[in-house]
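Visitor: Using only what follows, build the 3D model:
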Amino acid sequence: MKNTCLVTGLVLSWCGIATLARGENWPQWRGPENTGIAKEKGLPSTWSEKTNIAWKLPLPGKAGSTPVIWGERIFLTSAKNNNLVLLCIGTDGKIIWERPLATAARLAIKKDEANEASASPSTDGKHVYTFVGTGDAACLDFAGNEVWKFNAQQRYGKFSIQHGVHITPLLHEDRLYMVLLHSNGHWVIALDKATGKEVWKVERKSDAQGESLEAYSSPCLWNDGKQTSLVVLGCDYTTGHSLKDGSEIWRLGDLNPKSKYSTALRIIASPVASPDLLVVPTARGGLVFGVKPGAAGAFGADSPYLQWRKVKGAGDVPSPLIHDGLVYLPQANGVLVCLDAKTGKQMYEQTDLHRDRYRASPVLADGKLYMTSRDGTFSVVKAGPKYELLETNTLSDEFAASPAISNGRIYFRGFRALYAVSEGGK
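Guide: Numbering: from 1, shown residues only. The predicted structure is shown next:
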């Protein structure tokens, strides 16, 4: 028995060392902590079609979903002709398997902006979880075998939303949290990740009007040291929900002030949390809120639960990022705003980045902020309170997906190919 324990301990220790040697996994669209931040070091600042490219893999169709990585496997959803598929790709750049997820109902959304493969998959190291715009949700094991599958429109009602449902469900411990915010229903749902069966479902009430009844933002978790809440943004409110039963712990209003109400404030960017601050963007360059820990009940713009409130700066599509006492607010047109996280004071507003459409959210690692524009131009900005552009790089593709970082590489999902970028092309 002692020998067995000793061997088991040695194996576990070896596995831990091997895991460390491989570097971090990237199990969901915003990384290990759902913050857009990686602990990786030695990442490149420069790359091109011929420099610092480990490999480039042609893809069967376009999508805006971020790849997720666990060990030596990469999972990625994609369009393929009229179908939506899940790809399992080795970190050597070769496709291991492909599985069908659904038949696409809409091949293009808002001209060239998106399709129904926009929500990113997630993984716990044993299974991969997918959700596509048709409402089909599925769990597969690493060999590509289906564990469970259901259609959310059949279970929770037909979607009614102008640009389709693109919200990425949140995987946490033994549950998968799904948010559906559209004109035909507002639901926050917890699923048993092992079976896909509903654990709880709550209606998220809203008095929003017009297009403001619809939202595209994905949920996040906020553990503020006092409580953990599932944060849901959209439809004129931000709400914090109990993980136990979905009940509302707190509700932030005044995201769409009644005095100058907009019926077109559909929120796309997602909130982001650190232990001592929750950053809540709205849309179209509008309001941004910094929420303190310990929020409870219903509160608004004049609440002591707010650390600060900015009347402008919301990035519309890219989500914000918090790091080392700073909040980065990337704008959809290439402007980058940086705030002091404690006071909300603007440190800089940089307007000379490459000007184009920005649909991807930034990632930060190795002291560098990586920003991705739609036309394949990447701005590498030094993290810190003073703006410093380190490099501008280009790839001949179009990009709407946020990057993923793992094992010394940055993965960029283009419309035509998946790129593995690393120092020296390793």
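
Visitor: What sits closest to T91 if chain neighbours are left out?
Guide: The shortest distance from T91 to any non-neighbouring residue, by C-beta to C-beta, 6 or more residues apart in numbering, is to E72 (4.7 Å). Yep, even glycine has a C-beta here, placed from its N, CA and C like the rest.

Visitor: Same question for G90.
Guide: I96 (5.5 Å).

Visitor: The one you found: what's it in contact with?
Guide: 73, 88-90 (C-beta atoms under 8 Å, 6 or more residues apart in numbering).

Visitor: Which residues belonging to the helix or strand hosting it are considered buried?
Guide: Following DSSP states H and E, the helix or strand that holds I96 is strand 95-103. Neighbour counts over strand 95-103 (16 or more other C-beta atoms under 10 Å) mark 95-96, 101-102 as buried.

Visitor: what ranges of the protein fall below the confidence cut-off?
Guide: Where the chain drops to pLDDT under 70, the residues are 1-22.

Visitor: can you rerun that using 80?
Guide: The chain contains residues with pLDDT under 80 at 1-23.

Visitor: which of the contacts of I96 tops the neighbour count?
Guide: I89 (24 neighbours; other C-beta atoms under 10 Å).

Visitor: mind listing what the strand holding I96 pairs with, with the direction of each?
Guide: Here strand 95-103 has these sheet partners by DSSP bridges: strand 83-90 (antiparallel).

Visitor: Can you name the residues in contact with the strand it pairs with?
Guide: By C-beta under 8 Å, 6+ apart, strand 83-90 touches 57, 59-60, 67, 72-79, 95-104, 116-117, 121, 128, 130, 132-134, 136, 138, 140, 142, 144, 418.

Visitor: hmm, back to that, with distance to P385 as added columns, please give the buried residues of strand 95-103 in TSV.
Guide: Output for the buried residues of strand 95-103, formatted as TSV (distance: C-beta to C-beta, whole Å):
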residue	distance to P385
I95	43
I96	44
L101	44
A102	46
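
Visitor: what's the farthest-apart pair in those?
Guide: Maximum pairwise distance among the buried residues of strand 95-103 (C-beta to C-beta): 20.8 Å, between I96 and A102.

Visitor: Helices along the protein, start to end?
Guide: Per DSSP state H, the chain carries helices over the ranges 2-22, 152-156.

Visitor: all strands in the stretch 1-150 of the chain, in order from the N-terminus.
Guide: For the stretch 1-150 of the chain, applying DSSP state E, counting those that start in this stretch gives strands covering 53-58, 68-70, 73-80, 83-90, 95-103, 122-123, 127-131, 136-141, 146-151.

Visitor: Could you name the helices and strands sitting against the third one?
Guide: Read that as strand 73-80. For strand 73-80, the packing partners by 3 or more C-beta pairs under 8 Å, 6 or more residues apart in numbering; DSSP states H and E come out as strand 68-70, strand 83-90, strand 95-103.

Visitor: Run the angle between it and strand 53-58 for me.
Guide: If you take axes from the mean of the first three to the mean of the last three C-alpha atoms, to 10 degrees, strand 73-80 sits at 30 degrees to strand 53-58.
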